[in-house]
Each structure stands twice: as structure tokens, then as C-alpha cells.
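Trainee: No sequence on hand, only this structure:
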């Protein structure tokens, strides 16, 4: 398709390609596009498809040129990349395009490639052995969490609302200034909770089912409930029911109620094993980070800007998800951007290192390995195996999962060949 081409190195991963496309190929494509426009265009005095080409060109030339770019440029670039064994990262960006009928079409585009680098010695990297231990306090905290999740909510008898009770209420309210009533609200309130309005907590304590209390609150303009923000509201609150939260005793019966334990001692032993397992996984992750970092420290790798920007955006989304209730201020945002850029660079560099090691060591994932991972995912999520496989295939994530397993297997390889110093 092309008559000549030239590739220039602009910087680390950035390249520029210039190529001329054979005029015969160009005019064939251009004439096809003109014919398409002619067939669907309404030109006064001509039936569809019968208007002369020169009139179509005169009337739609900018559109014709744009269609030619969209049609022939990707074909020409892809053809040239294949011919020269070039594997660009992301989409090439056309920076210049010159077209004149009867002459070669000139294209200039910029693209990025993955960096070429030589790995340092990645075997026998020294790592410190980390000890895993569990304290009685950690087991106690886990038991307390189980108690919290096993709490019962028991109806209250013979007393009014106390702090910590869960109270079902009905709220009739009206704007003090406009006298306008607001819709009736029904809900559950945790008495004494710090996020409740102070007046609400004060007027709730002591009330019994059927009791009512009336109070007024002057809401700030910045109140999170926009319906009452900046307004003075009179509330008439009626208690419907009261329940108190009761935690089970930590004894053998509590352990038996969980279904698989004969005693509290057996439950504590199971919790200890789970904590150890979690810590061992965390330790393995720390060792993985350490071994990759030690390889990374010996390398200076140019990273493709387009892929780095994509990773930066992904990292920023994860960091910003920690701010669901408010937007970070400028100082926080600047700090997050810096942190995100550093994290993105680290992630991308680590990925390239692992892929290079996997390639060198011929680390692959078999279909059987993939099937075992499907089973693990199904078991972890209590889903049928067929449903997991079907979902991954439909979402087109089969190869993405395979790549992820290659990286994991490569990390295991690096740790297995490291020197663990005790």
C-alpha cells in the first residue's frame, strides 16, 4: 500500500512514522467514498447517485476528506506496522495529513512502543525472613467482632429510650417560617449517636412507645439534607417501638451456635489459624514487593506516557474512593496526584519487569491452571462453577485472568529463587 516510509525515534518510547500511500490506492478509496456520498445525498436537479462527481466533491469536500482519513489511515498504518514488525502501544496519533488527487497521500503519526531493557540478575536476591505471630489480644478482637455480628435486637419493656437503643419513630415536621408541612418520615434512629442532631438525641431519651416530643432545629445552610438546609424546622416525633442491642456471652454455647465448633477453645484455635494464614499472605505480598523493588532499583526504564497516564487515572480513582463523603481540598488533591503518579510508575515498572522475567523463564499458564482458578473463584464467592466461567468469558476477561496468573506465578518464582535470611 505504501510507496515509502521512515521511522524516527523522538524520545524513550515515542516514535514518529512518515509514510506515503500509493496514489492509485488512495484514488480508488477516494472514488468509492465519493460514490457512497453520491448515492445518499440529495442534490437539486439530480436523482440520488446521478449527480456528477465534481459537484459532490465541491459540496462535500471536507466530509469526503475526513472519511478518507478515517478509512485509509488506519489501514496504511497497520499495514506498515506489520511489515516492519512494529507493535505500538495504544493508538497512534496522526499529526500531519496531506492529500492531493493524483499524488501520494502523506501521513505523519506518532506512537509509543514498549521499552527495551536488559534484566539484572533476578535470582538469589536477599530477603529478610519475617516472623508471623498472633497475640491473645488479636484473637480477643476477632471474637468481639463475632459477638458484634451475632448481636440480637430485643424489644424493650418497662422503660423509656436509653442511649444505644434502636428506636422506630415517625416524624411530622413543618417549616417554622412558611408554616409548610413536610412529608411524614418513618425510620430507625440509634439513640445518642454522635451524628444525630443534638436536639433529637436530647428529646428522644426517656420516651416510651406511643410518647411524643416536639422540638425545633435551626439547620445550617451546609446541612447534608438539602431539603432542610438553612431552614428552621419544627419536629413532632412519635416513638413507635424500642429495641436494645444484646451481645451473646463468650462461652461454649456461643461457639456451638456458630455451627462448627464444640467449645470456645476450639473457636479460638480456628481464629488463630485464620489470623496466621492472613498474616502469611500479607508477608508473602511484602516479600513480593521487596524482591520486585530490588530488581527495579537496578533499572532505569522509560515508560510509555499514554499507558502511564491510563494507570495514573486508575490509581487516582482508587485513591479518591477513600473520600466518599467529601471532595479533597487542593492540598489533599495535590498530595494524591503526586502519590498517584509515583504509584502508577511503580505499578507499570513492576508489570514490565514481571512480564520480562516470565518471558525469559518461559512461565506460562495452562488451561488446567485456568480451570483451577475458576474453581477457586467459584468457591470463594459461593457460585456455581459454570456461572463463573460463563461470566468471565462473556466479559472477555479470560486472557486478562491468564495474564494475572502469569504475573502471580512469576512472583512465586522470584521468591522461590531468593535467598531468605533468617
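Mentor: Right, received. Where do you want to start? What you see is a predicted model; the values in this text were computed from it and never measured.
Trainee: tell me what the strand or helix carrying residue 29 is packed against?
Mentor: Using DSSP states H and E, residue 29 maps to helix 23-40. Here helix 23-40 touches helix 53-83, going by 3 or more C-beta pairs under 8 Å, 6 or more residues apart in numbering; DSSP states H and E. Placement of C-beta: from N, CA and C, glycine included.
Trainee: tell me which strands and helices the helix it packs on is in contact with?
Mentor: strand 2-9, strand 14-21, helix 23-40, strand 89-98, strand 105-112.
Trainee: make it 6 Å
Mentor: Counting contacts by 3 or more C-beta pairs under 6 Å, 6 or more residues apart in numbering; DSSP states H and E, helix 53-83 packs against helix 23-40, strand 89-98.
Trainee: you'd agree residue 244 is in a strand?
Mentor: Yes - counting by DSSP: H, G, I helix; E, B strand; the rest coil, residue 244 is part of a strand.
Trainee: for it, what are its contacts?
Mentor: Going by C-beta atoms under 6 Å, 6 or more residues apart in numbering, residue 244 touches 154, 156, 165.
Trainee: In strands, which of these appear?
Mentor: residue 154 (DSSP state E).
Trainee: Sort out which of the contacts of residue 244 are buried, if you could.
Mentor: 156, 165 (16 or more other C-beta atoms under 10 Å).
Trainee: pLDDT below threshold where in this protein?
Mentor: 1-3, 48-49, 324-326 (pLDDT under 70).
Trainee: what's the nearest residue to residue 126 if we skip its chain neighbours?
Mentor: Counting by C-beta to C-beta, 6 or more residues apart in numbering, residue 419 is the residue found nearest to residue 126 once chain neighbours are left out, at 4.9 Å.
Trainee: tell me the angle the helix holding residue 29 makes with helix 53-83.
Mentor: Angular relation of helix 23-40 and helix 53-83 on a 0 to 180 degree scale: 130 degrees, by axes from the mean of the first three to the mean of the last three C-alpha atoms, to 10 degrees.
Trainee: Would you mark the buried spots in helix 23-40?
Mentor: The neighbour-count check on helix 23-40 (16+ other C-beta under 10 Å) flags 23, 25, 26, 29, 30, 33, 34, 37, 38 as buried.
Trainee: any residues touching it, and which ones?
Mentor: For helix 23-40, contacts defined as C-beta under 6 Å, 6+ apart pick out 1, 49, 51, 53, 56, 60, 64, 67-68, 71-72, 102-105.
Trainee: In ChimeraX, how would I select just the buried ones from the residues you listed?
Mentor: In ChimeraX syntax, the buried subset of those is picked out as below (16+ other C-beta under 10 Å):
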select :1,51,56,60,64,67,68,72,104,105
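Trainee: just the contacts of helix 23-40 now: which is nearest residue 362?
Mentor: residue 1 (36.2 Å; C-beta to C-beta).
Trainee: circling back: looks like the residue nearest to residue 126 contacts residue 128 (just checking).
Mentor: No - counting by C-beta atoms under 6 Å, residue 419 sits too far from residue 128 to count as a contact (10.3 Å).
Trainee: on that earlier part again, so can I have CSV of the buried residues of helix 23-40 showing distance to residue 93?
Mentor: Shown next, in CSV, are the buried residues of helix 23-40 (distance: C-beta to C-beta, whole Å):
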residue, distance to residue 93
23, 24
25, 23
26, 21
29, 21
30, 23
33, 23
34, 27
37, 27
38, 32
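Trainee: and which of those is nearest residue 212?
Mentor: residue 37 (75.7 Å).
Trainee: From residue 203, how far off is that closest one?
Mentor: For residue 37, the distance to residue 203 (C-beta to C-beta, to the nearest Å) stands at 75 Å.
Trainee: Using the three-state scheme, assign the residue of the chain most remote from its centre.
Mentor: The outermost residue of the chain relative to its centre, with distances by C-alpha atoms, centre = their mean, is residue 45 at 57.1 Å. Here residue 45 is coil, with the state taken from three-state DSSP.
Trainee: what do you get for residue 116?
Mentor: coil.
Trainee: contacting residues for it?
Mentor: Neighbours of residue 116 in contact, by C-beta under 6 Å, 6+ apart: none.
Trainee: And it, how close does it get to residue 260?
Mentor: 55 Å.
Trainee: swap in residue 398?
Mentor: For residue 398, the distance to residue 260 - C-beta to C-beta - is 35 Å.
Trainee: ok so, going back, tell me the contacts of the residue farthest from the centre of the chain?
Mentor: Counting by C-beta under 6 Å, 6+ apart, residue 45 touches no other residue.
Trainee: can you put the helices and strands packed on helix 53-83 in CSV and add distance to residue 272?
Mentor: What follows is these, written out as CSV (distance: least, C-beta to C-beta, whole Å):
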stretch, distance to residue 272
helix 23-40, 71
strand 89-98, 48
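Trainee: Looking at the ones you listed, which is nearest to residue 321?
Mentor: strand 89-98 (25.3 Å).
Trainee: Point out the other helices and strands that the closest one packs with.
Mentor: helix 53-83, strand 105-112.
Trainee: Could you give me the buried positions within it?
Mentor: By neighbour count on 16+ other C-beta under 10 Å, the buried set for strand 89-98 is 89, 92.
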